[in-house]
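*Asks:* compute the structure for the input listed below.
(one chain, ligands or ions: 1)
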Amino acid sequence: MEKTFHMTSQQFRDAGKQLIDWLADYYEQVERYPVLAQVSPGDIRASLPGEPPQSGTDFLHIIDSLNSKIMPGITHWQSPSFFAYFPANATEPSVLGDLLSSGLGVQGMLWATSPACTELEMSVMDWLVRMLGLPETFLSSGKGGGVIQDSASSSSLCAILAARERATGFRSNEDGCREELVAYTSTQAHSSIEKDVKVAGIGRRNLRLIDVDADFAMRPELFEKAIEDDKRAGKWPFFVCATVGTTSSLAFDPLEAIGQICKKHKLWLHVDAAMAGTAALCPEFRHIQKGLELADSYCFDAHKWMFTNFDCSCFFVADRETLTRSLDVLPEYLRNQAAGSDTVFEYRNWHVPLGRRFRALKLWFVIQHYGVKGLQFHVRRHVELAQSFVGWVREDSRFELAAPALLNLICFRLKASDEVNEELLRRLNRSGKLYLSHTRLNGKYTIRFCVAQTRTELRHVQQAWDAFRNEAEILLRSEKV
Ligand code: PLP
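*Replies:* So this is what the prediction gives:
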């Protein structure tokens, strides 16, 4: 028989079981690894052969190389002591859904290239509207709808492109953008908005960063003043991104006030709730999205806090026609029986790439496995754990909170210089016991502690607090010496 070099079905079965076992062991033992990879730049590269193998090898050998060469360079995002940035949670059901998506190998660029890929996504996005108490305008049964994008950055880019076309009567798609369009967001918004305005041809010079109040939320009166100043200068205000849960401090922009200003001046309101949006699973936290019914578009990342592995950014629009008209192209080779149908979406017109993975599967697996109640349980637990931590910080006079900690992100610092706080963070991260990141608030170096990792329990938060106190003690003592 001709040697094809393919994995046989039996080899695939065996290797697949070994890999799932490997992952199950990994999740069971993830606490044993230093959370932050303890390698220097270039170490992993240096351990890899420069030349590719000429002959194939068996799967066990591949796993051996994974263990010896790759694992030392992994920072363990799935560790319960991962408190840095915002999380990128991978749970077992989401991993299985993603594996299935890879295995089916569907490229869902058109409804016809796999109807289930489109229709499951439409259904799951409608489920999310119900699960999160989002405005009904985002439902596919009306004029809106949701789509899964790779990232919040892409979601906001699509919002800006649709806003640009709406503002210019779809002329900038034809002639290029000739008007001096101006976009707005707060000084605390994610850097992706700046990148997006560059990509969309708006120009960074035409992005206004509106100042914030003492809680780091956008000041709507300054937003309106900026619009009026720009109009007087002959410019064309067209878009604002408000944030529900900023990256630095989880601040919440006042959507209602911002939305009213948008209606008055005819601006597109995009709401970026990348991490905090998941909190709305619990009715008691939905106040953070009050005013969302005024938004033209909305995004949250299920790949952050909704236990669905990266990438899975959920983007909703109230008027899908504007979005799809902005991004529509239909060459002859993509024409098919469903094009132009009212009952199904052609998702290729909802984002920049043509090709699309079957991402809805993993979200569907997650929602079916946990149910709304299971997801609510974890969100509530994270917030409860974070609030315990807030209490400990408040009780210890050596520390101070640097921002309101209303949900699951705590921004705080030692009452000491920036250098001491930097050293505290460096020591804790180097210890491998936990992983933290930082920001700068009111000009001061600030530690961020985000409780949102799938497997984090009370003992991990307690251990983290003990580590803070011990290192702080050592640092403050050495400062006095
Ligand atoms: N918006 C906010 C508020 C974020 O915190 C982040 C990332 O942390 C982003 C946008 C960008 O997310 P993504 O990596 O999905 O583009």
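
*Asks:* endpoints of stretch 130-147, how far apart?
*Replies:* Its start and end residues considered, stretch 130-147 measures 15 Å (CA to CA, to the nearest Å).

*Asks:* quick one: contacts of that stretch?
*Replies:* Applying CB atoms under 8 Å, 6 or more residues apart in numbering, the contact partners of stretch 130-147 are 121-122, 125-126, 128-129, 277-278, 280-281, 283, 286, 289, 292-293, 295, 298, 300, 314-321, 345, 347, 350-351, 367, 372, 375. All C-beta spots, glycine's among them, are computed from the backbone N, C-alpha and C.

*Asks:* what about it, distance to the chain center?
*Replies:* Taking CA atoms, centre = their mean, to the nearest Å, the mean C-alpha location of stretch 130-147 is offset from the chain mean by 20 Å.

*Asks:* what residues sit buried inside that stretch?
*Replies:* The neighbour-count check on stretch 130-147 (16 or more other CB atoms under 10 Å) flags M131, L132, L134, P135, T137, F138, L139, S140, G144, G145, G146, V147 as buried.

*Asks:* against F239, how distant is the fourth one?
*Replies:* For P135, the distance to F239 (CB to CB, to the nearest Å) stands at 19 Å.

*Asks:* and what of T113?
*Replies:* 32 Å.

*Asks:* look at those two and report which has more neighbours.
*Replies:* Ranked by neighbour count (other CB atoms under 10 Å), T113 and F239 place F239 first, with 32 against 17.

*Asks:* pull the contacting residues for the more buried one.
*Replies:* Neighbour list for F239: A159, I160, A163, R164, A167, L181, A183, Y184, I202, L267, W268, H270 [criterion: CB under 8 Å, 6+ apart].

*Asks:* how about 7 Å then?
*Replies:* I160, A163, A183, L267, W268, H270 (CB atoms under 7 Å, 6 or more residues apart in numbering).

*Asks:* repeat that for D196.
*Replies:* Neighbours of D196 in contact, by CB under 7 Å, 6+ apart: S153, S156, L157, I160.

*Asks:* check F86 too.
*Replies:* Contact partners of F86, counting by CB under 7 Å, 6+ apart, are M275, K304, C450, A452.

*Asks:* what about the second one, distance to the ligand?
*Replies:* From K304 over to the ligand the distance is 7 Å, taken as CB to the nearest ligand atom, to the nearest Å.

*Asks:* next, that residue: phi, psi?
*Replies:* phi -100, psi -80 (degrees, to the nearest 10).

*Asks:* same question for the first one.
*Replies:* Phi and psi for M275, reported as degrees, to the nearest 10, are phi -100, psi -50.

*Asks:* the chain: helices as residue ranges?
*Replies:* Assigned helices in the chain, in chain order: 9-29, 43-47, 59-65, 92-104, 115-132, 152-167, 171-175, 191-199, 220-232, 255-265, 320-327, 360-395, 418-431, 458-480 (criterion: DSSP state H).

*Asks:* list the contacts of the last one.
*Replies:* Looking back up the chat, that one is helix 458-480. For helix 458-480, the surrounding residues in contact (CB under 7 Å, 6+ apart) are 80-81, 83, 385, 388-389, 392, 398, 414, 416, 420, 423-424, 427-428, 431, 433-434, 451.

*Asks:* likewise the second one?
*Replies:* Outside helix 43-47, the residues that touch it by CB under 7 Å, 6+ apart are K69, G73.

*Asks:* let's have the contacts of F239 in CSV, adding distance to L222 and neighbour count.
*Replies:* Conversion of these to CSV gives the following (distance: CB to CB, whole Å; neighbours: other CB atoms under 10 Å):
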residue, distance to L222, neighbour count
I160, 21, 27
A163, 20, 27
A183, 15, 26
L267, 15, 24
W268, 19, 25
H270, 19, 29
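
*Asks:* what's the farthest-apart pair in these?
*Replies:* Spatially, the most separated pair among these is I160 and L267, at 11.7 Å (CB to CB).

*Asks:* how about the residues of the protein that lie near the ligand?
*Replies:* Proximity of the chain to the ligand, by CB under 6 Å from any ligand atom, involves residues 86, 151-153, 190, 192, 243, 246-247, 272, 274-275, 301, 313.

*Asks:* let's see which of those end up in strands.
*Replies:* The strands, defined by DSSP state E, take in T243, D272, D301, S313 from the residues of the chain next to the ligand.

*Asks:* tell me the pLDDT of the second one.
*Replies:* Here, the pLDDT recorded for D272 equals 98.

*Asks:* next one: Q462 from the ligand, what distance?
*Replies:* Computed as CB to the nearest ligand atom, the Q462 to the ligand distance reads 26 Å.

*Asks:* OK, contacts around the residue nearest in space to the middle of the chain?
*Replies:* Closest residue to the average C-alpha location of the chain: D301 at 4.0 Å, with CA atoms, centre = their mean. Contacts here follow CB under 7 Å, 6+ apart; on that basis D301 touches A152, A274, M275, C312, S313.

*Asks:* which residues does it bridge with?
*Replies:* Per DSSP bridges, the residues bridged to D301 are S313.

*Asks:* of the contacts of D301, closest to G108?
*Replies:* Distances from G108 to these, taken by CB to CB, are shortest for C312, at 14.4 Å.

*Asks:* can you get me a residue count around that closest one?
*Replies:* So C312, with other CB under 10 Å, has 25 neighbours.

*Asks:* any idea how far it is from G146?
*Replies:* According to CB to CB, C312 and G146 sit 12 Å apart.

*Asks:* got it, and G371?
*Replies:* 20 Å.

*Asks:* check L409 too.
*Replies:* Distance of L409 to G146, given as CB to CB: 25 Å.

*Asks:* also W350?
*Replies:* W350 sits 9 Å away from G146, going by CB to CB.

*Asks:* run through the stretch 201-350 of the chain and note the low-pLDDT ranges.
*Replies:* The stretch 201-350 of the chain contains residues with pLDDT under 70 at 338-341.

*Asks:* rerun at 90
*Replies:* For the stretch 201-350 of the chain, applying pLDDT under 90 flags the ranges 329-344.

*Asks:* residues near W22, how many?
*Replies:* There are 12 residues near W22, going by other CB under 10 Å.

*Asks:* hang on, it packs against I63?
*Replies:* Yes: W22 is within contact range of I63, at 6.5 Å (criterion: CB atoms under 7 Å).

*Asks:* returning to what we had before: could the contacts of F239 be laid out in a markdown table, adding distance to N67?
*Replies:* Converted to a markdown table, the contacts of F239 look like this (distance: CB to CB, whole Å):
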| residue | distance to N67 |
| --- | --- |
| I160 | 44 |
| A163 | 48 |
| A183 | 48 |
| L267 | 53 |
| W268 | 49 |
| H270 | 44 |
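
*Asks:* from the residues you listed, which single one is nearest the ligand?
*Replies:* Distance to the ligand across the contacts of F239 (CB to the nearest ligand atom) is lowest for H270, with 10.7 Å.

*Asks:* ok, that closest one - contacts?
*Replies:* Taking CB under 7 Å, 6+ apart, we find H270 in contact with S156, A159, F239, C241, A295, D296, S297.

*Asks:* ok, A273 next?
*Replies:* For A273, the contact set (CB under 7 Å, 6+ apart) comprises V244, G245, Q289, Y298, C299, F300.

*Asks:* could you do G245 as well?
*Replies:* Applying CB under 7 Å, 6+ apart to G245 gives the contacts F252, A273, M275, A276.

*Asks:* noted, bye for now.
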